[in-house]
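A.B. asks: Please find the sequence and the predicted model below.
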Amino acid sequence: MNVSAQDGAVPVSARAPWPFRVPTAFWLIAPAVLFLALFFVFPLLRLVAISLPGGSVEYYEQIFTTPVFLRVIGETFRVSLIVTAVTVAVAYPYAYAMAHGGRTVLLLLTVALLIPFWVSLLLRSFSWIVLLQNSGLINDVLIAMGLIEKPIRLIRTPFGVMIGMVHILLPYAVLPLYTVMKKIDLRLVEASSICGASWLKGFIRIYFPLSLPGVAASAILAFTLALGFYITPALLGSPRDMMIAQMIAGQFNEQLNFGLGAALAVVLMVLTAIAFGLFGAARAVLQSRGRSKDGV
Amino acid sequence: MRNILAMTAMATLLAGTVANAADTTLTISSYGGVYQEAQSKSYFQPFMAQNPDIKIVEDSSSSNAKLKAMVETGNVTLDLIVTDDSFGLDTDAQWLEPIDYSVVDKSKFIEGAAGTYRVAADIEGTVLAYNAEEFGGEAPKGFADFFNTDKFPGSRAVWKYAASGIFEAALIADGVKLEDLYPIDVERALKKLDTIKEDLVWWESGSQSEQLLSSGEAGMALVWVGRAVNVAEKGIKIDWTNWTSQTGYWVVPKGTKNKEAAMKAINFFTEPAQQIAFTKYMPYGPSNKNALASVDAKFKGSLPTDHLDTQVLMNADWWAENGAKVDLRFQEWLLQ
């Protein structure tokens, strides 16, 4: 190895200029762009093509005129919204403890968060069955303690779906929150208390607004992932808790109706995009309002 | 150094002979798990021993959707695939090679086992399995008892799939005669299903059905016979009063380069010796009528082919034609 070559880095200006102005950063993201184009954009376009056989919109017509599909799509968004709200609500204090609770707390909470994260999704859903079912651990313990006589229905209910989904989504919600919270300067909250604000007031007026980007990021991540949930609602929910991914899989695997399955997937994608559009717009409005208020 | 060179040369030579020995590589996709292991031991390995020029490579788990996608994109990498009742009918002709009955002996099969595009690999069934301890020594008899929640209270588990046999079971429980089963009266079946809807637990994978039965979560269930036998040790018994047919089939995807070898393999796999060997490992009956009487003692009495007289034969053609429509109605009913 030639050591001197490492020492004497060539100054950027000494390089021959490119004929075209390609930002250096582009070359860093080029592999990612290529990968996405090949394995994401192309298959996605194929999917759209399959959903429109010969340019016909029959599958879309079928979706929007069949109450079952509309109902399941509505249910998917409803469940995802609730699950997202619960997940973020649980993740927020968790991330707070991770960010400001000291090294030991951070270590313990990170381990507790990440170990289940490495276990397969299917296994985790099955574990919940073992715990929640009528003959499961929770019911057995409650009956043995004499607190209840008949098992409580925990599984195959919206509650079952909720607990399973929140558990799986938790790491995705905690990590973005933690990254944002760690950067928040606690001296600002201290300053507010020096000025006479209570802890609660300091939290509401200073800390919480500063953590909002983390809340937004974790909510978006949790919501997107929740929309595509498939195996967890199937195992822990009742048939009434069916989500759209189950129907898409059914069209592909059981009915072998790729066209309808693809159309359902495209509808889900477009609706998700619209939801994000609305979310972004709402945020922009809130921010501009915030700014104009500051200006006054 | 010289030694290494010589060894490399030897290895290359040897590899060359091996490659020559197997001219054809036959890629077979099955359901995986114990089922495919049984097929490997009783079908694939004896076939390779007898045909040194054909090497079988195994793949799993087979899926009708994958087959369809494979043929449509023109990239056929599987030569022989296991499928279920819903696939391999005349309506699926565009994705399949017709079975070559000059190679496969059509006369050896039991009735309904040899179609234009598919040949039964084994005879399976969806059976009423129940927990012997659950009902105070009383055993449910037939689909009528499956729907009788007064006599047999508690949860019952069913496959969440319209063509699983649940419509047939509901109609038989409602008093419909076998010969009047088709065309299925969907609304009548759903009305009957309404009477036990609150007690129904739906399963979506074979392992889940085992789990529901063995944990006592469901006192009875309509499950694949292999799954019921798997949990026999946990006190799960099978009632053969009524059961719905289910079959594993061999199909050959359209455009495979190894069609001849695939046909040859199908014929070999359905010979009595192989079919009998298979019943040593799996509680599924043979599709070859000459093997029926000589099945292995291990599962004798638990094989669907031991109970052909009480079989409710599912009409695959009716389901192929009406399946999509019934499925939508079924999903709608589930959501209600």
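C.D. replies: Cool, got the structure. Numbering: from 1, shown residues only, chains lettered A, B, ... in the order given.

A.B. asks: Quick check: mean pLDDT of stretch B:73-93?
C.D. replies: Mean pLDDT, computed over stretch B:73-93, is 94.

A.B. asks: Buried residues in it, which are they?
C.D. replies: Using 16 or more other Cβ atoms under 10 Å in any protein chain shown as the test for burial, stretch B:73-93 gives B:76, B:78-89, B:92. Where C-beta positions appear, they are placed from N, C-alpha and C, glycine not excepted.

A.B. asks: That one and chain A, any residue contact?
C.D. replies: Yes - if you take Cβ under 8 Å from any Cβ of the partner chain as the test, stretch B:73-93 does meet chain A, through B:86, B:87.

A.B. asks: Please write out the alpha-carbon positions of that stretch in CSV.
C.D. replies: Extracted in CSV, the C-alpha atoms of stretch B:73-93 (Å, rounded to 0.1, in the frame of the first residue of the first chain):
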residue,chain,number,x,y,z
THR,B,73,-43.9,-14.3,-18.0
GLY,B,74,-42.6,-17.2,-20.1
ASN,B,75,-40.0,-18.2,-17.5
VAL,B,76,-40.9,-21.7,-16.6
THR,B,77,-38.5,-23.0,-14.0
LEU,B,78,-40.7,-25.7,-12.4
ASP,B,79,-41.5,-28.9,-14.3
LEU,B,80,-44.0,-30.6,-12.0
ILE,B,81,-46.2,-29.0,-9.4
VAL,B,82,-48.5,-30.2,-6.7
THR,B,83,-51.8,-28.4,-6.6
ASP,B,84,-55.3,-28.6,-5.0
ASP,B,85,-58.9,-29.1,-6.2
SER,B,86,-59.3,-25.5,-7.2
PHE,B,87,-56.7,-25.6,-10.0
GLY,B,88,-55.8,-27.8,-13.0
LEU,B,89,-59.3,-27.9,-14.5
ASP,B,90,-60.2,-27.3,-18.1
THR,B,91,-60.6,-23.6,-17.3
ASP,B,92,-56.9,-23.5,-16.4
ALA,B,93,-55.8,-24.9,-19.8
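
A.B. asks: List the buried residues of stretch B:192-206.
C.D. replies: Residues of stretch B:192-206 classed as buried: B:192, B:193, B:196, B:199, B:200, B:201, B:202, B:203, B:206 (neighbour count, 16+ other Cβ under 10 Å).

A.B. asks: so residue A:137 makes contact with residue A:130?
C.D. replies: Yes - between residue A:137 and residue A:130 there is a contact at 6.6 Å, judged by Cβ atoms under 8 Å.

A.B. asks: Name the residue in those two with the higher neighbour count.
C.D. replies: More crowded of residue A:137 and residue A:130, by other Cβ atoms under 10 Å in any protein chain shown: residue A:130, with 14 against 11.

A.B. asks: And what about the more buried one, helix, strand or coil?
C.D. replies: Using DSSP: H, G, I helix; E, B strand; the rest coil, the three-state assignment for residue A:130 comes out as helix.

A.B. asks: Show me where the chain dips below the pLDDT cut-off.
C.D. replies: Picked chain A for this. Chain A contains residues with pLDDT under 70 at A:1-20, A:290-296.

A.B. asks: look at chain B instead
C.D. replies: In chain B (pLDDT under 70), the answer is B:1-22.

A.B. asks: for it, what's the longest strand?
C.D. replies: In chain B, taking DSSP state E as the definition, the longest strand is strand B:236-251.

A.B. asks: Whichever helix or strand comes after it packs against which elements?
C.D. replies: Going down the chain from strand B:236-251, the next helix or strand is helix B:259-269, by DSSP states H and E. Under the contact criterion of 3 or more Cβ pairs under 8 Å, 6 or more residues apart in numbering or on different chains; DSSP states H and E, the helices and strands touching helix B:259-269 comprise strand B:24-30, helix B:45-50, strand B:54-60, strand B:80-83.

A.B. asks: Hey, what's the angle from helix B:259-269 to strand B:236-251? Just curious.
C.D. replies: Here helix B:259-269 points in a direction 150 degrees away from that of strand B:236-251 (axes from the mean of the first three to the mean of the last three Cα atoms, to 10 degrees).

A.B. asks: From the rest of the structure, what touches helix B:259-269?
C.D. replies: Defining contact as Cβ atoms under 8 Å, 6 or more residues apart in numbering or on different chains, one finds that helix B:259-269 is touched by B:24, B:26, B:28, B:39, B:43, B:46-47, B:50-51, B:54, B:56, B:79-80, B:97, B:99-100, B:103-105, B:119, B:121, B:250, B:252, B:256, B:274-275.

A.B. asks: Quick one: list the elements packing against the following helix or strand past that helix.
C.D. replies: With elements assigned by DSSP H and E, the helix or strand that comes after helix B:259-269 is helix B:272-278. The contact analysis (3+ Cβ pairs under 8 Å, 6+ apart) places helix B:272-278 against helix B:45-50.

A.B. asks: May I see the buried residues of the helix it packs on?
C.D. replies: By neighbour count with 16+ other Cβ under 10 Å, helix B:45-50 contains the buried residues B:46, B:47, B:48.

A.B. asks: before we move on, what about stretch A:60-73?
C.D. replies: Buried-residue list, stretch A:60-73, by 16+ other Cβ under 10 Å: A:60, A:62, A:63, A:68, A:69, A:71, A:72, A:73.

A.B. asks: In what element of secondary structure is the closest residue to the third one other than its chain neighbours found?
C.D. replies: Of all residues not flanking residue A:63 in the chain, residue A:69 sits nearest, at 4.7 Å (Cβ to Cβ, 6 or more residues apart in numbering or on different chains). Residue A:69 is part of helix A:67-100 when elements are defined by DSSP H and E.

A.B. asks: got the CA positions of whatever helix or strand comes next after that helix in CSV?
C.D. replies: Using DSSP H and E, the helix or strand that follows helix A:67-100 in sequence is helix A:103-118. Extracted C-alpha coordinates of helix A:103-118, given in CSV (Å, rounded to 0.1, in the frame of the first residue of the first chain):
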residue,chain,number,x,y,z
ARG,A,103,-27.5,5.0,30.2
THR,A,104,-28.9,2.0,32.1
VAL,A,105,-32.5,2.8,31.3
LEU,A,106,-31.5,3.4,27.6
LEU,A,107,-29.7,0.0,27.4
LEU,A,108,-32.6,-1.9,29.1
LEU,A,109,-35.3,-0.2,27.0
THR,A,110,-33.4,-0.7,23.7
VAL,A,111,-32.9,-4.4,24.4
ALA,A,112,-36.5,-4.8,25.4
LEU,A,113,-37.5,-3.0,22.2
LEU,A,114,-35.2,-4.7,19.8
ILE,A,115,-35.2,-8.4,20.8
PRO,A,116,-38.9,-8.9,19.8
PHE,A,117,-38.1,-6.9,16.7
TRP,A,118,-35.7,-9.7,15.6
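
A.B. asks: quick one: contacts of helix A:103-118?
C.D. replies: Helix A:103-118 is contacted from outside by A:94, A:97, A:98, A:99, A:101, A:124, A:167, A:170, A:171, A:174, using Cβ under 8 Å, 6+ apart.
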